[in-house]
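> need a 3D model of the sequence below.
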Amino acid sequence: MRKIAAITAAALLITTQASAGIYKCTIDGETIFSQQPCSANAEEITVKTHEPSADEIEQAAERRSRLEENNTTSASDRKRREAEIKIKNAEKRIATYQKKMESELAALAKKKEAANNNLAGATYEQSISTEMEAASKKWTAKIDAEQVKIERLRDQ
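Here you go, the predicted model:
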């Protein structure tokens, strides 16, 4: 889109300058272009302009349309690929959270087995059960949050 605007601006500038006249001069061995004669040996340059036909204009519009369509398709493909990568990463985090939860619960279960069979042991066992419940809730909340992210990405 920017290229088309730049080409159009350049074409307008060339046609404007062409009607005003462009002069080529050589001063001290350097070639200079100007809108007014810059020395006695100034040579007027005739700029040839091209007026595109209706067919050429239509072809350019079709090319522009195809380019815009390709850009839109590329952007949507890129967004889809980015979403797929984010989903895979979220799934990996879920697997990691599940392993961590299992590991933490297994360690707490071992502690629970070591509790004595008396009142103190029962109290200790109860506190470990509470700890297990809290750990389970913590990891489940993290897993649920990742699953929500995955669903949101898939809906997009």
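> pLDDT of the biggest helix by length in the chain, averaged?
Longest helix in the chain, counting residues (DSSP state H): helix 54-113. Mean per-residue pLDDT for helix 54-113: 90.
> same thing with stretch 21-35?
84.
> can you list the buried residues in that stretch?
Neighbour-count burial for stretch 21-35 flags 22, 23, 25 (criterion: 16 or more other Cβ atoms under 10 Å). Heads up, the C-betas are built off the backbone N, CA and C, glycines and all.
> could the C-alpha coordinates of that stretch be exported in CSV?
Provided in CSV are the C-alpha atoms of stretch 21-35 (Å, rounded to 0.1, in the frame of the first residue of the first chain):
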residue,chain,number,x,y,z
GLY,A,21,11.4,22.1,-17.1
ILE,A,22,14.5,20.3,-15.9
TYR,A,23,18.0,21.5,-16.7
LYS,A,24,21.3,19.6,-16.7
CYS,A,25,24.5,21.6,-16.1
THR,A,26,28.1,20.7,-15.6
ILE,A,27,29.8,23.0,-13.1
ASP,A,28,33.4,22.3,-12.0
GLY,A,29,33.2,18.8,-13.4
GLU,A,30,30.0,17.9,-11.4
THR,A,31,26.7,17.3,-13.1
ILE,A,32,23.8,19.2,-11.5
PHE,A,33,20.1,19.0,-12.2
SER,A,34,17.9,22.1,-11.6
GLN,A,35,14.5,23.6,-12.4
